[in-house]
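Undergrad: Got a predicted structure plus its sequence, pasted below:
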Amino acid sequence: MNIIKIRLSAMMFLQFFIWGGWFVTLGTFLAQNLNATGSQTGMAFATQSWGAIVAPLIVGLIADRYFNAERILGILHLVGAVLMYQLYRAESFGSFYPFVLAYMILYMPTLALVNSVAFRQMNDPAKDFAKIRVWGTVGWIAAGLIISYGFSWDSQQAIAAGLLKNTFLMGALASLILGIFSFTLPETPPAAALGERLTLRDALGLDALGLLKDRNFALFFLSSVLICIPLAFYYQNANPFLTEIGVENATGKMTIGQISEVLFMLVLPIFLKRFGIKLTLLIGMIAWALRYALFAFGDADNLVFMLILGIALHGICYDFFFVSGQIYTNSKAGEKFKSSAQGMITLATYGVGMLIGFWVAGKITEKFTVADGHLWQNIWLFPAAFALAVFVLFTLTFNKEKAHADEGLLSQGSTE
């Protein structure tokens, strides 16, 4: 691996180390240390969706027109370090929320910026990107292992002592390092300077709206938005659930999901080619229902294997639906609307879909909150039933067709 690839890999490692270092345990911190309600926790997680909605404006209107990608990446992470430090200092939800909202509005655009920096240095992105992007997943895993096995910040004793807030301090330090490091990355001029013209319509995917005239694609689009509701339950509730019922090193164990994601990413092209897009998407959907059923009936004692299996299903849940969905979108869009179509799907899922999902998850969690914790079985049965309903809808309405597994797109798919 040459020096540029090493630097790009380090960039990816830090980018996702930062996110994985606080986002996984956010629900636990809010509930245990800031006494946040289910709705307030949903609001905090929904900042990811607001960031996803605003991100195209920042990247499409600013970064791709006026500034080098590596410079704006550095600035955003330096400001992010300050905001993350403010999260570390927050003592109430009221003082926490404005900073987490500002942070995610600045962080979400950096996901596109690191890809821009990486792609611009590659002669063969289809071959090289996966080898660099995988270091992002390694960074996410490393953060979880450090929290659980390095410092035990997610243990019951540490949480009671208020030590879980140290995850924000760790994130602030990593953000500071990446902010400074970004200015040493290879120069990545704005698209306008290279003769490329990216409009806001491109960034938001508006030019690809015509794809919704295709019945199959419209059904897939609707299902993508709906399946984000069960997805939000995992992001928001998995760590608080595991911690509350007494699973030791919950954050470290949750990294099994990222390991699973990497493994199933390797299987996905073969599966798509052999069985087609409909069956692949359906397996992804039913995996969501199965994982939540496992969470509903598992426990921290004799049935802890059910919880571990539910975590390990993350690779199938995410890769077989969201990554294969990106591939399907790519195959339907054609050359003219590839970028617009991906922008539209991202905005619909991580923007609108997750925004609705976190709101629903917050309301359901609040409804089943009791004096000594939560009625977790009731909470998990809701997304299980919802995912099953989406599965049935898709089974009955989507006509079978094939999509080619575009290796270049496949390598971009992971979002933890």
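TA: Everything's here; your move. Residues are numbered from 1 along each chain as shown.
Undergrad: So which residues make contact with stretch 374-386?
TA: 226, 229-230, 233-234, 237, 240-241, 244-245, 288-290, 292-293, 295-297, 361, 364-365, 368-369 (Cβ atoms under 8 Å, 6 or more residues apart in numbering). Glycine gets a C-beta too; all of them are placed from N, C-alpha and C.
Undergrad: If we go by neighbour counts, what in it is buried?
TA: 374, 376, 379-384, 386 (16 or more other Cβ atoms under 10 Å).
Undergrad: Give me the mean pLDDT for it.
TA: Taken as a whole, stretch 374-386 carries a mean pLDDT of 98.
Undergrad: Now, of the contacts of stretch 374-386, which are buried?
TA: Neighbour-count burial (16+ other Cβ under 10 Å) applied to the contacts of stretch 374-386 gives 226, 229-230, 233-234, 237, 240-241, 244-245, 288-290, 292-293, 295-296, 361, 364-365, 368.
Undergrad: Distance check, Ala90 against Asp154.
TA: Ala90 sits at a distance of 18 Å from Asp154 (criterion: Cβ to Cβ, to the nearest Å).
Undergrad: Tell me which of these two has more neighbours.
TA: The neighbour comparison of Ala90 against Asp154 (other Cβ atoms under 10 Å) goes to Asp154, with 30 against 19.
Undergrad: just checking, that one touches Glu248?
TA: No. Assessed by Cβ atoms under 8 Å, Asp154 is found out of contact with Glu248, at 9.1 Å.
Undergrad: For the helix or strand where Ser331 lies, name the packing helices and strands.
TA: Applying DSSP states H and E as the criterion places Ser331 in helix 324-333. When contacts are defined as 3 or more Cβ pairs under 8 Å, 6 or more residues apart in numbering; DSSP states H and E, helix 324-333 sits against helix 215-244, helix 256-297, helix 338-346, helix 407-410.
Undergrad: where along the chain do the strands fall?
TA: Taking DSSP state E, the strands of the chain run over residues 369-370, 373-374.
Undergrad: May I see these organised as JSON lines, with distance to Ala55 added?
TA: Shown next, in JSON lines, are these (distance: least, Cβ to Cβ, whole Å):
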{"stretch": "strand 369-370", "distance to Ala55": "32"}
{"stretch": "strand 373-374", "distance to Ala55": "32"}
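Undergrad: Out of those strands, flag the one nearest Ile283.
TA: Ile283 lies closest to strand 373-374 among the strands of the chain, at 29.6 Å (Cβ to Cβ).
Undergrad: partner strands of the closest one, parallel or antiparallel?
TA: The pairing partners recorded for strand 373-374 under DSSP bridges are strand 369-370 (antiparallel).
Undergrad: And the contacts of the strand it pairs with?
TA: Outside strand 369-370, the residues that touch it by Cβ under 8 Å, 6+ apart are 37-38, 375.
Undergrad: if we take those, which one ends up nearest to Ile146?
TA: Ile146 lies nearest to Gly38 out of these, by Cβ to Cβ, at 28.2 Å.
Undergrad: For the closest residue to the closest one other than its chain neighbours, give its distance to Thr47.
TA: Nearest residue to Gly38, sequence neighbours excluded (Cβ to Cβ, 6 or more residues apart in numbering): Glu366, at 3.1 Å. Distance of Glu366 to Thr47, computed by Cβ to Cβ: 18 Å.
Undergrad: before we move on, what about Ile132?
TA: Relative to Thr47, and taking Cβ to Cβ, Ile132 is found at 27 Å.
Undergrad: Show me which of the two is the more surrounded one.
TA: Legend: neighbour count by other Cβ under 10 Å for Ile132 and Thr47, higher for Ile132 (27 against 23).
Undergrad: Tell me who's in contact with that one.
TA: By Cβ under 8 Å, 6+ apart, Ile132 lies in contact with 5, 8-9, 12, 118.
Undergrad: Can you tell me the closest non-neighbouring residue to Phe99?
TA: Closest to Phe99 by Cβ to Cβ, 6+ apart is Gln86, at 4.4 Å.
Undergrad: Could you verify my assumption that Ala142 touches Phe16?
TA: No. Judged on Cβ under 8 Å, Ala142 makes no contact with Phe16 at a distance of 9.1 Å.
Undergrad: one step back: please work out the angle formed by the directions of the helix holding Ser331 and helix 215-244.
TA: For helix 324-333 against helix 215-244, the angle by axes from the mean of the first three to the mean of the last three Cα atoms, to 10 degrees is 160 degrees.
Undergrad: Now helix 324-333: buried residues?
TA: Within helix 324-333, the residues that count as buried by 16+ other Cβ under 10 Å are 324-333.
Undergrad: tally of neighbours for Ala118?
TA: 27.
Undergrad: oh sorry, the question was meant for Phe271
TA: By other Cβ under 10 Å, neighbour count at Phe271 equals 18.
Undergrad: tell me the pLDDT at Val59?
TA: On the pLDDT scale, Val59 gets 69.
Undergrad: Tell me where the model's unsure across the stretch 101-250 of the chain.
TA: Within the stretch 101-250 of the chain, the segments meeting pLDDT under 70 span 126, 191-207.
Undergrad: Please repeat the previous calculation with a cut-off of 80.
TA: Low-confidence segments of the stretch 101-250 of the chain, defined by pLDDT under 80, span residues 123-127, 130, 190-208.
Undergrad: returning to that earlier point: looking at Ala142 and Phe16, which is more packed in?
TA: Phe16 (26 against 19).
Undergrad: ok, that one - contacts?
TA: Residues in contact with Phe16 (Cβ under 8 Å, 6+ apart) are 136-137, 139-140, 143, 416.
Undergrad: if we go to 7 Å?
TA: By Cβ atoms under 7 Å, 6 or more residues apart in numbering, Phe16 lies in contact with 136-137, 139-140, 416.
Undergrad: do you know how far Thr110 is from Ile18?
TA: 9 Å.
Undergrad: can you check Gly38 too?
TA: For Gly38, the distance to Ile18 - Cβ to Cβ - is 26 Å.
Undergrad: His314 now?
TA: 20 Å.
Undergrad: between these two, who's got more neighbours?
TA: Shown here are His314 and Ile18; by other Cβ under 10 Å, Ile18 has more neighbours (27 against 24).
Undergrad: ok, and the closest non-adjacent residue to Ser260?
TA: Take Ser260 and drop its neighbours on the chain: the residue closest to it by Cβ to Cβ, 6+ apart is Gly315, 3.3 Å away.
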